[in-house]
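**Student:** Model the following, please.
(chains A, B, C, D, E and F)
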Protein chains: 4
Amino acid sequence: MESRTSKTRKKILEAAIEEFAQKGFSATTTLEIAQRAQVAEVTLFRHFPKKKDILHFAVLDFVDVFTGNFAFNSLKVIVDHNKHKPIKEILKLIILDRREFLQEYFPYIKVIFQEMQFDEEVRTIYLEKIAKQVSLLFSELFSEIKEREKIKNIDSFILMRSFIGMAFMMIMQRYFIPSENKFEDFDKEIDIVVDIFLNGILDK
Amino acid sequence: MESRTSKTRKKILEAAIEEFAQKGFSATTTLEIAQRAQVAEVTLFRHFPKKKDILHFAVLDFVDVFTGNFAFNSLKVIVDHNKHKPIKEILKLIILDRREFLQEYFPYIKVIFQEMQFDEEVRTIYLEKIAKQVSLLFSELFSEIKEREKIKNIDSFILMRSFIGMAFMMIMQRYFIPSENKFEDFDKEIDIVVDIFLNGILDK
Amino acid sequence: MESRTSKTRKKILEAAIEEFAQKGFSATTTLEIAQRAQVAEVTLFRHFPKKKDILHFAVLDFVDVFTGNFAFNSLKVIVDHNKHKPIKEILKLIILDRREFLQEYFPYIKVIFQEMQFDEEVRTIYLEKIAKQVSLLFSELFSEIKEREKIKNIDSFILMRSFIGMAFMMIMQRYFIPSENKFEDFDKEIDIVVDIFLNGILDK
Amino acid sequence: MESRTSKTRKKILEAAIEEFAQKGFSATTTLEIAQRAQVAEVTLFRHFPKKKDILHFAVLDFVDVFTGNFAFNSLKVIVDHNKHKPIKEILKLIILDRREFLQEYFPYIKVIFQEMQFDEEVRTIYLEKIAKQVSLLFSELFSEIKEREKIKNIDSFILMRSFIGMAFMMIMQRYFIPSENKFEDFDKEIDIVVDIFLNGILDK
DNA sequence: GATGAATGAGCCTTCATTCAT
DNA sequence: TATGAATGAAGGCTCATTCAT
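**Tutor:** Numbers count the residues shown, from 1 in each chain, chains lettered A, B, ... in the order given. Down below sits the predicted model:
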């Protein structure tokens, strides 16, 4: 395996992720990856002895990006930089921020969710390097929020899961079934979802 | 293709879904399916000329079950049978009911969500035979609810998506990462989630 | 793996041994074997999942022949059937008999001696199924001889090894370097070799 | 091709012979040779454009050693230096001498016997540079012997072949199947074999 | 002289599928 | 209806070899 900064290596990894996202790991051939990366098929194997290695290293590279991105642009930073704004605004900013990230790294994320179902190593990486970190950041977020607003005494994990559930569903639906979008205005839709999260659907 | 009621056919379909759920469509071999179904490999091809046919007919068979189940035991029925109970209870019943269904047909659902990303036909079946129906039923549900309780004027689709987002995430997490369960009591957890949906997280 | 009597299986095994004898196991491709056997390359793998299996089963099949041949036409039988003849004649008959066998199964023998150097399993088969048996038979042979003629008190193993050494060298040389043959008459050459073995080279 | 005395060249050749002896020419990869020689794989190809060249030059280098060794320490020399000793002793000395040589250059000899079966050039080198010389030397040896002792009028080639047959078998067996050694004392075993060669096995 | 990177050719092997019974 | 046997196409991977430095 060559240095982790090799240009060819990067080309292969990027090509691979595109293909995996499109057809799934198993249905993607090494030839297809090579062709998209514009290298000979063998060259793949110089860099990654096994096809699976390509998947693992792509995921690992994403983890690096993810960690860097989250560290720098973490939820906490968003909260800190917007202390004066109401919670509603902060949650909205978070959704917008994450949605941008999601869009940029969509293929990686798609592949991770796909393949973690079948591949032990991807699953482990996801759980230990991604899920854990997200969980932690959301815990911090809700701690911040609790200091400023009175919120019900609900377990942080459930809070996070519920918020992510709604937000993620919204983003995914916009991505996969754009036809169903009644609101062209994403902004307004976020407002609604955040309001449900904060105040519920009942009209009092 | 043999009659849709053949016993062998059913064995094959069931075996296939198990394998697909475990390893993905592409990574599953016809031999593995045949072995699990305890028939010769060729027999598969008597019933389903192409491997893809197995997937499609399995999904289609599930759609039949799904339609029957939903028709009989639909959200509407739940609502009708529980008119006297508070909304909170009704939503809870829905989650419990759907969770049971999810557990019983988990492999089918997993496979559909997996393969709809890669297979046009599965995607079409999902959107037209499943998503549409679910959407409709939830619309009816929220109409019912609106007649009894005052709820904010939110688009039905967003309501549904938010509810499903939270509920689905809860069920999935319990399924995939049971280790994270702080609440052994699923009942209590549902109560919390339904409360968030109805009243939000803010403590007034 | 199909039944050990399949016709295709036999064709493959025979083709393989020819190729292995000609080029060595490692330098022989499965395609070459398939072509010589006049079957599709994949068919090989239906019968023998791994290329190595072809080698092992070919050797094993030879062992069966060898055992059968030796059991029926054993040295002992030769001795018994020729009790009246002088030892000289008997040893000669043995060489002629073994030479015929060697000629018929030359590719098998060549492959076994070749590959036992690299392959643990071939080596084991050779040592346990062939060498051991040969050793036993020669022991019996020399016991028979000792009953009839006075021979020096030499360890049976050394006797055998020396006899085989001389006889084998003769046969092999005739096979590999026929150009060196000064005696076209194999019969006479055998007489000489047997005489050396019995009486030595010194002229008294 | 670099000079025949280059240090790298020698390292490669020695590594190659070890590998060839262990796994056979065909089953040995250039990478394995390079790794054992502790050079980069490409470096091999600087010195030997084709993999086969490595084999041929290794064999050729051995021929040089062999020629030198035989010229200096030839059978004739042994005979000359031991004129006073009985033939029995001389033959014994020869076996001991050759056995030592065999042990030192075992990998080379193994590879030559292996690959001469498949490779025209190795075969030619063997026949013309080695076998011929051995043949010649043994002719001389038996001429010497004939001058001193009366031996039967047997063709020199057969004499040599029989002697080598017995001696070689003994050495090889000790090498390959040491477990069968009833005599720990190699000296005594040689005595027996030489005696068979000279006087035969019959007890008169 | 030595090497890191890349590759064409081809190998063993797998897989979905067909044929013949 | 079911199956044992055979196969074309292709897949992952290896190997000797070349290119560029």
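
**Student:** all contacts plus neighbour counts: C-alpha atoms, from now on.
**Tutor:** Fine.

**Student:** Run through the helices of chain A in chain order.
**Tutor:** Counting by DSSP state H, chain A has helices at residues A:7-23, A:30-37, A:41-47, A:51-72, A:75-81, A:87-104, A:106-115, A:120-125, A:132-148, A:156-176, A:186-199.

**Student:** is chain B contacted by stretch A:197-204?
**Tutor:** Yes - Stretch A:197-204 is in contact with chain B by Cα under 8 Å from any Cα of the partner chain, via A:197, A:198, A:199, A:200, A:201, A:202, A:203, A:204.

**Student:** Out of those residues, who's the most crowded?
**Tutor:** residue A:197 (25 neighbours; other Cα atoms under 10 Å in any protein chain shown).

**Student:** Tell me who's in contact with the closest residue to it other than its chain neighbours.
**Tutor:** Nearest residue to residue A:197, sequence neighbours excluded (Cα to Cα, 6 or more residues apart in numbering or on different chains): residue B:200, at 5.0 Å. The contact partners of residue B:200, by Cα atoms under 8 Å, 6 or more residues apart in numbering or on different chains, come to A:195, A:196, A:197, A:198, A:199, A:200, A:201.

**Student:** on that earlier part again, with the residues of stretch A:197-204 next to chain B in mind, which one is nearest to DNA strand E?
**Tutor:** residue A:197 (45.0 Å; Cα to the nearest atom of the strand).

**Student:** Verify the stated contact: that closest one with residue A:165.
**Tutor:** No - at 10.5 Å, residue A:197 does not count as touching residue A:165 under the criterion of Cα atoms under 8 Å.

**Student:** Would you mind checking which helix or strand in chain A has the lowest mean pLDDT?
**Tutor:** Confidence across the helices and strands of chain A bottoms out at helix A:75-81, with a mean of 77, counting by mean pLDDT, DSSP states H and E.

**Student:** Which other helices and strands does that helix contact?
**Tutor:** In this structure, helix A:75-81 packs against helix A:87-104, helix A:132-148, with contacts taken as 3 or more Cα pairs under 8 Å, 6 or more residues apart in numbering or on different chains; DSSP states H and E.

**Student:** Could you give the separation of it from the chain centroid?
**Tutor:** Its chain's C-alpha centre and that of helix A:75-81 lie 18 Å apart, by Cα atoms, centre = their mean, to the nearest Å.

**Student:** And stretch A:148-157, by the same measure?
**Tutor:** The answer for stretch A:148-157 is 24 Å, by Cα atoms, centre = their mean.

**Student:** Give me the buried positions along that stretch.
**Tutor:** A:151, A:156, A:157 (16 or more other Cα atoms under 10 Å in any protein chain shown).

**Student:** which among these gets closest to chain C?
**Tutor:** residue A:157 (50.8 Å; Cα to the nearest Cα).

**Student:** wouldn't that closest one be in contact with residue A:135 here?
**Tutor:** Yes - applying Cα under 8 Å, one finds residue A:157 in contact with residue A:135, separated by 7.4 Å.

**Student:** got the residues of chain A near DNA strand E?
**Tutor:** Proximity of chain A to DNA strand E is confined to A:2, A:3, A:6, A:7, A:8, A:39, A:40, A:41, A:42, A:43, A:46, A:47 under the rule Cα under 7 Å from any atom of the strand.

**Student:** Make a markdown table from those residues and add pLDDT to it.
**Tutor:** Formatted as a markdown table, the residues of chain A next to DNA strand E follow (pLDDT from 0 to 100):
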| residue | pLDDT |
| --- | --- |
| A:2 | 48 |
| A:3 | 59 |
| A:6 | 81 |
| A:7 | 86 |
| A:8 | 88 |
| A:39 | 91 |
| A:40 | 90 |
| A:41 | 90 |
| A:42 | 92 |
| A:43 | 91 |
| A:46 | 89 |
| A:47 | 91 |
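
**Student:** if we look at DNA strand F, which of these are close to it?
**Tutor:** Among the residues of chain A next to DNA strand E, DNA strand F is touched by A:41, A:42 when using Cα under 7 Å from any atom of the strand.

**Student:** Which single one of the residues of chain A next to DNA strand E is nearest to residue C:24?
**Tutor:** When the residues of chain A next to DNA strand E are ranked by distance to residue C:24 (Cα to Cα), residue A:42 comes first, at 27.1 Å.

**Student:** what's stretch A:168-184 in contact with?
**Tutor:** Against stretch A:168-184 from outside (Cα under 8 Å, 6+ apart): A:99, A:189, B:161, B:162, B:165.

**Student:** buried stuff in that stretch?
**Tutor:** Applying 16+ other Cα under 10 Å to stretch A:168-184 flags A:168, A:169, A:170, A:171, A:181 as buried.

**Student:** what does the domain assignment say about chain A?
**Tutor:** Annotated domains of chain A cover A:1-49, A:51-199 [automatic domain parsing].

**Student:** wait, does the shortest one contact chain D?
**Tutor:** No - no part of domain A:1-49 sits near chain D under the criterion Cα under 8 Å from any Cα; the closest distance found is 13.1 Å.

**Student:** Tell me how far that domain lies from the chain's centre.
**Tutor:** Domain A:1-49 has its C-alpha centroid displaced from the chain centroid by 22 Å (Cα atoms, centre = their mean).

**Student:** what do you get for stretch A:65-81?
**Tutor:** Its chain's average C-alpha position is 13 Å from that of stretch A:65-81, according to Cα atoms, centre = their mean.

**Student:** That stretch: end-to-end distance?
**Tutor:** Stretch A:65-81 has its terminal residues 22 Å apart, counting by Cα to Cα, to the nearest Å.

**Student:** Give the buried residues for that stretch.
**Tutor:** The neighbour-count check on stretch A:65-81 (16+ other Cα under 10 Å) flags A:66, A:67, A:70, A:74, A:75, A:76, A:78, A:79 as buried.
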